[in-house]
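In: fold the following.
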Amino acid sequence: MASRRLYAIFITAASSATAFSPSLYHHAAPPPALSPRHRGGGDTAQQRLLSSSSSTNAMNDFDDFADFSSTQLAPMLSSSYSSDDEKHGVAKTNNGEGDDIDPFLASLQSRVREVREKSVRLPLMILDTMLPRQVLQIQIQHPTLKSLMRHRVGMETPTLGMLGMARISTGQTVPLKVGVEVEIVEMDRADGAPPPGTDDDRGVDRTPWDVSLRAGRRFIIEGDVERMDGGWTEARVRFLDSSAEEEEEVRRFSSHPGSDGIAHDDDDNDGSSTSVAGFGRDRLSVARAISKSGVFTKPNMKMKNNASLVDRWIELARQNERHPGQIDALLRQLGEIPPEHEPTERAFWIGALINPLPSMGVAMEIRPALLLSKSAEERVEVALDGILKSIRHMDGTSRMW
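Out: Alright, predicted model coming up:
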């Protein structure tokens, strides 16, 4: 029922998102006035998800937002203590002194921090499925969306919730319930745009802006998505942590082993990615995920010159770049591949590598399947299948199209 409500609320916004016409992104340095403050530096997913599409252009041009309804100006959950107090864990007494720690206030502040980190309200955008570490560059013109961006940039951490779309077994295209928090890292008037304040024939300022969004934490929507008076949507989300998810897989087996030696889902399973299903249903699942994740970077006898899967993919991808230096820039963006004992993060890194933004057209779209996967092992399997098929496509042994 929640999924149907989610679909009903989002379908108008989704239609707008898929109708955006592409344009080439031209980078421009952001002016100081607009620069945000940074923080520093049962079914498997493949069975649930038949297919998905990703953007194939460097920029999505928001040229028609007449029915735009995928964002909401919603502040992050705030607290009454300062950032320095939060950083150092100091609870101030009524006299304003930080030296005397009130145990009750310290406990309360700790709880507020926990709630603040795990469950917040976010404005939502339905545009493209993203994975942690990815950067999406878009161009916006609609006044409502520009107001949203201006509002969020003025915050300590200018973030939004980004959701993608997927086609399910019924043939419907619906928004995913799992997405990523994106930070506005750059915003500036587009190159060649008319000066600010230039209105169209209806008196609306449609000066285009170039915006860069960097994906960070994953989240799952909790409860219903709310349509606001202005036609926007917002939702309370819970952030997901890969290490905690893997620990939960082990804990669930230890706490609820079945007579067949397999961990079974609780009846109150909320459908989040911490649930154990599909691949992650026995006590060795995480161990297998760690073992399989090592395959990405170990020498492989089936690859040319015994190269690892990652090295071979990079070698072939450099021969298929859409522009010189694309792969080097992508690798700088993603950073070092996570260690093999972090199988979930490693799988997401692989997904971001073979499904970059903009798309190179050399791999099947696996990002929605990675987000929907319910265990570390399933995510690694999805990533392994994706990179192997991409390599075979690029070296010509098994073309996909």
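In: which other helices and strands contact the helix or strand where V180 lies?
Out: According to DSSP states H and E, V180 maps onto strand 178-189. Using 3 or more C-beta pairs under 8 Å, 6 or more residues apart in numbering; DSSP states H and E, the elements in contact with strand 178-189 are strand 119-126, helix 143-153, strand 159-163, strand 209-227, strand 233-240, helix 367-372. (C-beta placed from N, C-alpha, C; glycine too.)
In: at 7 Å what do you get?
Out: With contacts taken as 3 or more C-beta pairs under 7 Å, 6 or more residues apart in numbering; DSSP states H and E, strand 178-189 sits against helix 143-153, strand 159-163, strand 209-227.
In: who are the contact partners of P356?
Out: P356 is in contact with L330, counting by C-beta atoms under 7 Å, 6 or more residues apart in numbering.
In: assign it to helix, strand or coil.
Out: At P356 the chain is in coil, as set by DSSP: H, G, I helix; E, B strand; the rest coil.
In: mind telling me what element R392 is part of?
Out: Per DSSP H and E, R392 falls inside helix 376-395.
In: re earlier: out of the helices and strands packed on strand 178-189, deepest packed?
Out: strand 159-163 (a mean of 25; mean count of other C-beta atoms under 10 Å).
In: mind checking the end-to-end distance for stretch 227-245?
Out: Counting by C-alpha to C-alpha, to the nearest Å, you get 30 Å between the two ends of stretch 227-245.
In: pull out the buried residues from that stretch.
Out: 227, 232-240, 242, 245 (16 or more other C-beta atoms under 10 Å).
In: how about stretch 356-375?
Out: Buried positions in stretch 356-375, judged by neighbour count with 16+ other C-beta under 10 Å: 356-360, 362-375.
In: coming back round to it: may I see the buried residues of the strand holding V180?
Out: Counting neighbours by 16+ other C-beta under 10 Å, the buried set in strand 178-189 is 178-184, 186-189.
In: still on that earlier bit, weakest of the helices and strands packed on strand 178-189 by average pLDDT?
Out: Lowest mean pLDDT of the helices and strands packed on strand 178-189: helix 143-153, a mean of 81.
In: could you say what helices and strands that one packs with?
Out: Applying 3+ C-beta pairs under 7 Å, 6+ apart, one finds that helix 143-153 makes contact with strand 178-189.
In: partner strands of the strand it packs on, with direction?
Out: Partners of strand 178-189 in the sheet, by DSSP bridges, are strand 159-163 (antiparallel), strand 209-227 (antiparallel).
In: right, so of the ones you listed, which gets closest to S291?
Out: When the strands paired with strand 178-189 are compared by C-beta to C-beta, strand 209-227 sits nearest S291, at 23.5 Å.
In: quick one: the closest one to helix 143-153, angle?
Out: 90 degrees (axes from the mean of the first three to the mean of the last three C-alpha atoms, to 10 degrees).
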